[in-house]
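A.B. asks: Below: sequence and its predicted model.
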Amino acid sequence: MVNVLDIVEDEYIHPGTRMCAGCAMALIYRFALKALGPKTILTVPASCLTVLHGMQGFCTTKLSVLHTPFATTGAAASGIVSSLEEKGLADEICVVAFAGDGGTTDIGIQALSGAAERGTNFIYACYDNEAYMNTGVQRSGSTPLGAFTATTPGGKTRPKKNMPKILEAHGIPYVATANGSYIFDLYEKFQKARDIKGTKYIHILSACPPGWGYDPKDTIKIGRLATETGFWPLYEVFNGKFILSKPSKKHLDASNRKPIEEYLIAQKRFKDIKQQDIDNYNSFIEAQWNEIKRRLENQ
Ligand SMILES: Cc1ncc(C[n+]2csc(CCOP(=O)(O)OP(=O)(O)O)c2C)c(N)n1
Ligand code: SF4
Ligand SMILES: [Mg+2]
């Protein structure tokens, strides 16, 4: 795994963005751009990330960004790739779509699926803060079970959509999960994806203090708990091979996983969670890790 000495010193985001204090997405974006380097063109739909980029006439990144309507991120990326191919620049410049969970698991899924099916040569990164945060915390397909949002006042009654699995079913060469609290792991995954041909998908859990209801100073701790409890395992599927990432390896042994309650009670969005939902979390985590073990043994 990379360490702090491997991280490039160049910065691609100007200091002083309009993100909330403790926003994991700002950290994720900063390190993803460092890993990708200057020969990168981005496309981004409406989201907190558009707010990071700033109002018209300003841009907080030093890279080119095409802002695109919600449903079209995958199509916009495909257009940029085609144009670069036409100019003979496709091997030189990396095209990256960066979108929120609402823009990915719900509104953008059709264009993303189309681009993946065509094998478009780009990276699609979803930063997943588990709701439509920019418009005041409405539930998305990626909101987890029991979470309070403005549109799930009694807690969400459905589980989180498994987007990495959906992308894996497209047969693309690279799918990975990441977490803003494991920034070196994330950095390495973006560097790896940059050098693979075809569609690459990286789904990143992105803790959000106002949307999840915790103190901004706890962002790294809360994000870590998602992985330490076994709820959000870090892995890659590279050309069909399942690779468990270093921070998650020890969680193969259930006794090394923290109780899910530690993660849930630390966030106000779960304040009314029912025992039945906690039981459902435990069943889900157990089934998820049984599947991981099975995959590791059968390849
Ligand atoms: C077609 C369309 N519908 C709705 C909106 C309003 N809108 C802007 S950002 C946003 C939330 C996006 O949620 P997500 O993709 O999860 O990103 P986040 O805000 O959480 O970063 C919404 C609904 C819009 N800009 N365009
Ligand atoms: S609402 Fe959440 S995701 Fe959006 S800027 Fe604030 S902390 Fe970041
Ligand atoms: Mg979101």
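C.D. replies: Ah, there it is. Ligands and ions are numbered 1, 2, ... in the order given.
A.B. asks: ranges for the strands of this structure?
C.D. replies: 40-45, 64-68, 94-100, 122-128, 174-179, 199-205, 235-238, 241-244 (DSSP state E).
A.B. asks: so which of the ones you listed gets nearest ligand 3?
C.D. replies: Within the strands of the chain, the stretch nearest ligand 3 is strand 94-100; the backing value is 3.7 Å (C-beta to the ion). Every residue, glycine included, has its C-beta placed from N, CA and C.
A.B. asks: Does that closest one reach ligand 3?
C.D. replies: Yes: applying C-beta under 5 Å from the ion, one finds strand 94-100 touching ligand 3 at residue 100.
A.B. asks: Return the list of helices and strands in contact with that strand.
C.D. replies: For strand 94-100, the helices and strands in contact under the criterion 3 or more C-beta pairs under 8 Å, 6 or more residues apart in numbering; DSSP states H and E are helix 24-36, strand 40-45, helix 48-53, helix 73-87, strand 122-128.
A.B. asks: deepest of these, which one?
C.D. replies: The highest mean neighbour count among the helices and strands packed on strand 94-100, using mean count of other C-beta atoms under 10 Å, belongs to strand 122-128: a mean of 28.
A.B. asks: Against ligand 3, how distant is residue 87?
C.D. replies: Noted for residue 87: a distance of 34 Å to ligand 3, by C-beta to the ion, to the nearest Å.
A.B. asks: Skipping its backbone neighbours, what lies nearest the residue nearest the centre of the chain in space?
C.D. replies: Relative to the mean C-alpha position of the chain, the nearest C-alpha, by C-alpha atoms, centre = their mean, is the one of residue 204, at 2.1 Å. Distances taken as C-beta to C-beta, 6 or more residues apart in numbering place residue 178 nearest to residue 204, at 4.3 Å, with adjacent residues excluded.
A.B. asks: so the one you found sits right up against residue 206, yeah?
C.D. replies: No: between residue 178 and residue 206 there is no contact under C-beta atoms under 8 Å: 9.4 Å.
A.B. asks: Looking at the two, which one has more neighbours?
C.D. replies: residue 178 (32 against 28; other C-beta atoms under 10 Å).
A.B. asks: tell me the contacts of that one?
C.D. replies: Residues near residue 178 by C-beta atoms under 8 Å, 6 or more residues apart in numbering: 28, 185, 186, 189, 202, 203, 204, 205, 234.
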